[in-house]
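> Next comes the sequence, and after it the predicted model I'd like to discuss.
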Amino acid sequence: MIRTAASCRRLLAAAVAALLLSGVSPAKTEQRYPAFGLVLEINGPHRFTVSCKEIPGFIDAMAMPFEVRDSGDLKAIRAGMLVDFTVVVDSGAPYAEKIKVHQFESLDQRPLEVHMLKMIEGAFAATPNAEEILAVDQKVPDFSLIDQYGRKDKFSDWLGKVVAVSFVYTKCSFPEYCFRLSNNLGLVGKRFANRLGKDLVLLTITFDPTSDSPEVLSKYASTWRASAKGWYFLTGPPAEVKRVCLMFGMNFWPEMGMLAHTMHTAVIDRQGRLVTNLEGNEFSAEQLGNLLETVMDRKTLTSRK
C-alpha cells in the first residue's frame, strides 16, 4: 500500500528523532543512506515519489515522497524508472540527492552469454521489417494471441484497463528468472484481487510457443491459482509471438537444450501507452504493485470500458 504524504512525514520525523536521541551530537547527526527504488511519480521540480526497498538503519520498504534540493537531479528521471539515490538525514527534513537511473546487470550470466545476447540484439535490429522496441508513452500496436483457455485475445480488448506484461517459458528451471517474474504477477493479482479484470489485467506471454501450448499454459496457470478473469497466459504462432517479444526488447536464443533470455516486465496505461519496460529481476512485487496502483489511480485517465 502506498503511504500518504502525512504518514511518510511522520515516519521520517520519527527516524530523524531516533538519530537525534541516539547520543550523537547535533553537529554530527548528518547521515547518508544508499537507496534503490522504483519511481512512481514526479511531483514537481523538487519532489518525487518512489517505492523504496528497505534502507537498513533508516526505514522499511515503502512508497514515499522525497524532496530534492537540486532540481537537476530529477531532469532525467520519469515515472517507471528504477533509480539509485542517496537519502540525506540531518536535523532538518530528509532529502534525496545523486539520483541516477539504475542499470540492470545480471550477475548470474557468464560473460560469454552476455556477449551472445548483444550479438543477438544486433541481429534482431538488422532484421528486415522488424518492429522497433516500444518507447515510453508510445502506444502499443495491437496483437492477437491465444490464451490458456484456447481463446483468441486481442490486446485492444483490454483498452481502458492498466496492463502488466511479463515473459516466460514454462521449462525455465531458474527460480530467479521466469519463476520470479510469474510470482511477482501472482502477488500483484492477490493484492488487487478486487480490481483484477476490472481495472487491471495481467499478461504472461511465452516466448517458447512451440512447447507452450494453451494446454501447457493452463497447467502452468494452475500453479499460480490464476484468476479465470484478469490473468491471461498467452501463446500463438511463432512469428506473432516473436513480433510481440521484439516490441518489448525481449530476446532469447537456444543454448544447451534450454533458452537463454532477457527479462522484461512492462506496464501499460488505460490508453494503451507504455508506462515503463522494466528489465531484469531486481524490483520487488511490492514495488511493481505500487506502480500499478499509481497508474490505476491517475485521475486524468478514465476507463473506456
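Cool, the structure landed. Numbers count the residues shown, from 1 in each chain.
> Give me the packing partners of the strand ranked longest in the chain, helices and strands only.
In terms of residue count, the longest strand belonging to the chain (DSSP state E) is strand 31-44. Strand 31-44 sits against strand 47-52, strand 82-89, helix 285-296, with contacts defined as 3 or more Cβ pairs under 8 Å, 6 or more residues apart in numbering; DSSP states H and E. Backbone N, C-alpha and C define where each C-beta goes, glycine included.
> right, so of the ones you listed, which gets closest to Val201?
Each of the helices and strands packed on strand 31-44 has some distance to Val201 by Cβ to Cβ; the shortest is helix 285-296, at 10.5 Å.
> what's Leu82 in contact with, if anything?
Neighbouring residues of Leu82 by Cβ atoms under 8 Å, 6 or more residues apart in numbering: Phe36, Gly37, Leu38, Val39, Val101, His102, Phe104, Leu278, Glu282, Phe283.
> ok, now with 7 Å
Leu38, His102, Leu278, Glu282, Phe283 (Cβ atoms under 7 Å, 6 or more residues apart in numbering).
> what sits against Pro209?
With contacts defined as Cβ under 7 Å, 6+ apart, Pro209 is in contact with Thr235, Gly236, Pro238, Val241.
> where does it land in three-state SS?
Of the three states, Pro209 takes coil under DSSP: H, G, I helix; E, B strand; the rest coil.
> any idea how far it is from Thr235?
Computed as Cβ to Cβ, to the nearest Å, the Pro209 to Thr235 distance reads 5 Å.
> circling back: dump the helices and strands packed on strand 31-44 into TSV; add distance to Arg191 and mean pLDDT as well.
Below are the helices and strands packed on strand 31-44 laid out as TSV (distance: least, Cβ to Cβ, whole Å; pLDDT from 0 to 100):
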stretch	distance to Arg191	mean pLDDT
strand 47-52	13	97
strand 82-89	20	96
helix 285-296	5	97
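> Can you list the residue ranges for strands in the stretch 101-250 of the chain?
With DSSP state E, counting those that start in this stretch as the criterion, the stretch 101-250 of the chain has strands at 144-146, 152-154, 162-168, 200-206, 231-234.
> buried set for the first one?
Using 16 or more other Cβ atoms under 10 Å as the burial criterion, the residues of strand 144-146 that qualify are Leu145, Ile146.
> rounded to a whole number, what's the mean pLDDT of it?
What strand 144-146 shows for mean pLDDT is 98.
> before we move on, back to that, can I get the helices and strands packed on strand 31-44 in CSV with distance to Arg225?
Listed next are those as CSV, based on distance: least, Cβ to Cβ, whole Å:
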stretch, distance to Arg225
strand 47-52, 25
strand 82-89, 29
helix 285-296, 15
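> of all those, which lies closest to Leu196?
Nearest to Leu196, of all the helices and strands packed on strand 31-44, is helix 285-296, at 10.7 Å by Cβ to Cβ.
> elements contacting that closest one?
Applying 3 or more Cβ pairs under 7 Å, 6 or more residues apart in numbering; DSSP states H and E, one finds that helix 285-296 contacts strand 31-44, strand 47-52, strand 162-168, helix 178-191, strand 264-268.
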